[in-house]
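show me how the following folds:
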Amino acid sequence: MIIKKYSAALLALSIILTGCGGASSQNENEVTVPSAAEDTEAEITDIHTLITSGNTVTAAVTSLTAAKADTATTGTAAAAQESQGTEKAAEVTYAQQLPTEAAPEIQPENDEQDINVPVNTEALSFEDAVTSTTAFVTTTTLLTATTIVTSLAQTTTTITASLLPKVVLDGLTLEQKVCQMFMVTPEALTGISPMTEVGSGTQKAIADYPVGGIIYFAKNMTSQEQMKKMISTTQGYAEGACGIGLFTAVDEEGGEVARCAQKLGTTRFESMAHYGVLNDSRTAYNIGSTIGKDLKGLGFNVDFAPVADVNICSANELGSRIFSDDPKIVANMASGVVKGLQDEGVCATLKHFPGLGAENGNTHTNSTVVIDRTVDELRKTEFIPFKDGIDAGADFVLVGHQIVTGFGDELPCDLSYKAVTEMLRKELGFEGIAITDSQQMNTISKVYSSGEAAKLSIKAGIDIILMPVDYRSAVDEVCRAVRSGEISEKRIDESVMRILRKKIQLGLLKSKTTE
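A predicted model of the protein is given here:
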């Protein structure tokens, strides 16, 4: 009977220590913590398994201890009744219950980290065996627990970054999701112009239509302190509305397009054509870094820069805003600015895809701007700076309103599936946020309604619609299109997930993290 108790307890211990019945081939002290959000449940299960195993070990050791106590009691009774020789025979040790040969060393199935636990059955007493077994189990459990804690600590950012956006997305209504795909001016929110302060009107507008971002112009700026307060207060309204902060954007290219330098006294630079002559990537990086520091200090997190167009036609609307007529120089300089901006925590935006440099017109004032370029010509020239900027990690690409004959669809590029999805996404490999140029510009507003342009942009693959004439009607029209099946909600979710992933990197979902 005593032998059976020992055997049962030892069997339980051997199952735990050797992993009998388990499918894992990992070492006892190795636990792989998944970084993907969908593996979080399995991760929690692994921890529960560890705890359960620990409880089983405790029960087994307790059983062994009880069996030993039972042995001691039986041995005492036998000694009172039997002879000295019989008493000696009754002194059964733990080693005598096991085979006489030494047990083989326990080897982990994965030999990257060998843990050898030799068991000399002839030498171990009952107390030694229990102590040795308990020490092994305790050490293994501690190693495993330490590995779990360390791995979890190392992957907390990854798990949070992948899990939180989906959690937030699932908690949004359709209207809230669609609103995240719009960036508007402060004046569009309230109908008051110019806006240099915010209050209840802005708060109510954001509560009703929680847009994803706001773009600021020179007319919104009076001083650095005023700008900081305006942005921070508006961010508070957005977080209060749906727990998601705003993209706060500005055009700060340097040179002639520099709202903050002109109105708030931040660092001034020459035109980009001036620096293009130098073709020095370190200079470009310093420009981006300096602008990034200035903007971050004011509360901006998106800069609509750098210009990645190539100066092909002297009649284009950009002029000295372009670095060069050499695509390789533009690529070198634009990539440097991208890196400098983003190293300071400000999203860079390559513009105006697929390139405005060959334009002979103006998308601000003309109803239609047509660029007669084949796809092969674009690949050899205009695409080169955009590809380099994308490879440098640009967070945004701004898509222009020009019609490119080589695409064959006679649509402004920000409404063109060929331009946005086939060229920008698939051919150039851009996985970030695609945003339209301002849809108040004549090439859109004189041809399409706000709702129609927004729907076409989303169907094309755009993530954010910038400055529609009437953003409320555009949001409503997109929501109706989703409910009718014209646009799938999956397509909306695809863009909103891109937006949310970037916003968590910028710290704009902090309020949700702490709930």
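
counting neighbours, what do you get for Lys490?
For Lys490, the neighbour count with other Cβ atoms under 10 Å is 8. To be clear about C-beta, it is placed using only N, CA and C from the backbone, and glycine gets the same treatment.

quick check: it is in a strand.
No - using DSSP: H, G, I helix; E, B strand; the rest coil, the assignment for Lys490 is helix, not a strand.

from Asn332, how far out is Gly265?
Distance, Gly265 to Asn332, using Cβ to Cβ, to the nearest Å: 30 Å.

and Ala205, by the same measure?
On the measure of Cβ to Cβ, Ala205 and Asn332 end up 42 Å apart.

which residues touch the spatially closest residue to Glu256 that is not a sequence neighbour?
Sequence neighbours aside, Ser271 is the residue nearest to Glu256 in space, at 6.3 Å (criterion: Cβ to Cβ, 6 or more residues apart in numbering). Ser271 makes contact with 254-256, 320-321, according to Cβ atoms under 8 Å, 6 or more residues apart in numbering.

give me phi/psi at Ser271?
Ser271 has phi and psi values of phi -60, psi 160 when expressed as degrees, to the nearest 10.

equivalent analysis for the one 3 residues further on, please.
Dihedral angles of His274 (phi, psi; degrees, to the nearest 10) stand at phi -60, psi -40.

what strand or helix carries Val198?
Counting by DSSP states H and E, there is no helix or strand that carries Val198.

pretty sure it sits against Thr233.
Yes - assessed by Cβ atoms under 8 Å, Val198 is found in contact with Thr233 at 5.2 Å.

so Arg498 is in which element?
helix 489-505.

mind listing what's buried along that helix?
Neighbour counts using 16 or more other Cβ atoms under 10 Å place 492-493, 495-504 of helix 489-505 among the buried residues.

again with stretch 386-394
By neighbour count on 16+ other Cβ under 10 Å, the buried set for stretch 386-394 is 386-390, 392, 394.

what is the nearest of these to Met181?
Distance from Met181 was checked for each of the buried residues of stretch 386-394 by Cβ to Cβ. The minimum falls on Ala394, at 19.3 Å.

ok, the closest one - contacts?
Shown in contact with Ala394 (Cβ under 8 Å, 6+ apart): 338, 342, 348-350, 432.

want to throw the residues you listed into JSON lines with secondary structure?
What follows is the contacts of Ala394, written out as JSON lines (three-state DSSP):
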{"residue": "Val338", "secondary structure": "helix"}
{"residue": "Gln342", "secondary structure": "helix"}
{"residue": "Ala348", "secondary structure": "coil"}
{"residue": "Thr349", "secondary structure": "strand"}
{"residue": "Leu350", "secondary structure": "strand"}
{"residue": "Gly432", "secondary structure": "coil"}
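
which of the residues you listed lies closest to Leu164?
Gly432 (18.4 Å).

thinking the closest one is in contact with Arg498, fair?
Yes - here Gly432 reaches Arg498: they are 7.0 Å apart, a contact under Cβ under 8 Å.

send the alpha carbons of the helix holding Arg498 over as PDB?
Taking C-alpha atoms only, helix 489-505 is exported to PDB below (Å, rounded to 0.1, in the frame of the first residue of the first chain):
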ATOM      1  CA  GLU A 489     -17.500  48.700 -44.100                       C
ATOM      2  CA  LYS A 490     -14.400  46.500 -44.400                       C
ATOM      3  CA  ARG A 491     -13.000  49.200 -46.700                       C
ATOM      4  CA  ILE A 492     -13.700  51.800 -44.100                       C
ATOM      5  CA  ASP A 493     -12.100  49.700 -41.400                       C
ATOM      6  CA  GLU A 494      -9.000  49.300 -43.500                       C
ATOM      7  CA  SER A 495      -8.300  53.000 -43.600                       C
ATOM      8  CA  VAL A 496      -9.300  53.600 -40.000                       C
ATOM      9  CA  MET A 497      -6.900  50.900 -38.800                       C
ATOM     10  CA  ARG A 498      -4.100  52.700 -40.600                       C
ATOM     11  CA  ILE A 499      -5.100  56.000 -38.900                       C
ATOM     12  CA  LEU A 500      -5.400  54.400 -35.500                       C
ATOM     13  CA  ARG A 501      -2.000  52.600 -35.700                       C
ATOM     14  CA  LYS A 502      -0.300  55.900 -36.500                       C
ATOM     15  CA  LYS A 503      -2.200  57.700 -33.800                       C
ATOM     16  CA  ILE A 504      -1.100  55.200 -31.100                       C
ATOM     17  CA  GLN A 505       2.500  55.800 -32.200                       C
END
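
what sits against Met227?
Residues in contact with Met227 (Cβ under 8 Å, 6+ apart) are 216, 220-221, 260, 264, 298-299.

ranges for the strands of this protein?
Ranges of strands in the chain, per DSSP state E, are 103-106, 117-119, 182-184, 213-215, 247-250, 252-254, 257-258, 302-303, 349-353, 370-371, 396-399, 403-404, 433-436, 465-466.

what does the average pLDDT come to for the longest one?
Averaging pLDDT along strand 349-353 yields 98.

could I get the buried residue list for it?
349-353.

mind putting those into a markdown table with distance to Ile465?
Listed next are these as a markdown table, based on distance: Cβ to Cβ, whole Å:
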| residue | distance to Ile465 |
| --- | --- |
| Thr349 | 15 |
| Leu350 | 18 |
| Lys351 | 15 |
| His352 | 15 |
| Phe353 | 15 |
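
now, which of those sits nearest Thr365?
Once Cβ to Cβ is applied, the member of the buried residues of strand 349-353 that ends up nearest Thr365 is His352, at 15.2 Å.

now do the contacts for the spatially closest residue to the closest one that is not a sequence neighbour.
With Cβ to Cβ, 6+ apart as the criterion, His352 has its nearest non-adjacent residue at 3.7 Å, and that residue is Gly400. Shown in contact with Gly400 (Cβ under 8 Å, 6+ apart): 351-356, 363, 412-414, 437.

and if you look at Cys347?
Counting by Cβ under 8 Å, 6+ apart, Cys347 makes contact with 247, 301-303, 341, 395-396, 502, 506.

for it, which non-adjacent residue is closest in space?
Using Cβ to Cβ, 6+ apart and skipping residues adjacent in sequence, the residue nearest Cys347 is Asp395, 3.8 Å away.

and for Gln203?
Closest to Gln203 by Cβ to Cβ, 6+ apart is Tyr237, at 4.5 Å.

tell me how far the residue nearest to His352 lies from Tyr216.
Distance of Gly400 to Tyr216, computed by Cβ to Cβ: 21 Å.

likewise Ser445?
Counting by Cβ to Cβ - Ser445 and Tyr216 are separated by 20 Å.

more neighbours, those two?
Tyr216 (23 against 19).

quick one: the more buried one from Ala207, how far?
Separation of Tyr216 from Ala207 (Cβ to Cβ) stands at 20 Å.

kindly report the same for Ala474.
Taking Cβ to Cβ as the measure, Ala474 falls 18 Å from Ala207.

so for those two, which residue has more residues nearby?
Comparing Ala474 with Ala207 by other Cβ under 10 Å, the one with more neighbours is Ala474, at 25 against 13.

contacting residues for the more buried one?
Per Cβ under 8 Å, 6+ apart, neighbours of Ala474: 182, 450-451, 453-454, 465, 468.

show me the contacts for Glu187.
Glu187 touches 193-195, counting by Cβ under 8 Å, 6+ apart.

go again with 10 Å.
By Cβ atoms under 10 Å, 6 or more residues apart in numbering, Glu187 lies in contact with 193-195, 217, 219-220.

got it, and Val397?
308, 348-354, 386, 389-390, 420, 424-425, 428, 430, 432-435, 463.

apply 8 Å and report the result again.
349-351, 353, 386, 389-390, 424, 430, 432-435 are the contacts of Val397 under Cβ under 8 Å, 6+ apart.

stretch 241-261: which residues count as buried?
Burial within stretch 241-261, assessed by neighbour count using 16+ other Cβ under 10 Å, is assigned to 241-255, 257-261.

got the CA positions of stretch 210-225 in CSV?
Output of stretch 210-225 as CSV, limited to C-alpha atoms (Å, rounded to 0.1, in the frame of the first residue of the first chain):
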residue,chain,number,x,y,z
PRO,A,210,-15.4,63.7,-34.5
VAL,A,211,-13.1,64.3,-37.4
GLY,A,212,-9.7,62.7,-37.6
GLY,A,213,-7.6,65.9,-38.0
ILE,A,214,-7.4,69.6,-38.3
ILE,A,215,-5.2,71.6,-40.6
TYR,A,216,-4.1,75.1,-39.6
PHE,A,217,-3.1,78.1,-41.8
ALA,A,218,-1.4,81.4,-41.2
LYS,A,219,-4.7,83.1,-40.4
ASN,A,220,-5.1,80.8,-37.4
MET,A,221,-1.8,82.0,-35.9
THR,A,222,-1.1,85.0,-33.7
SER,A,223,1.6,83.9,-31.3
GLN,A,224,3.3,80.7,-30.2
GLU,A,225,1.5,80.5,-26.9
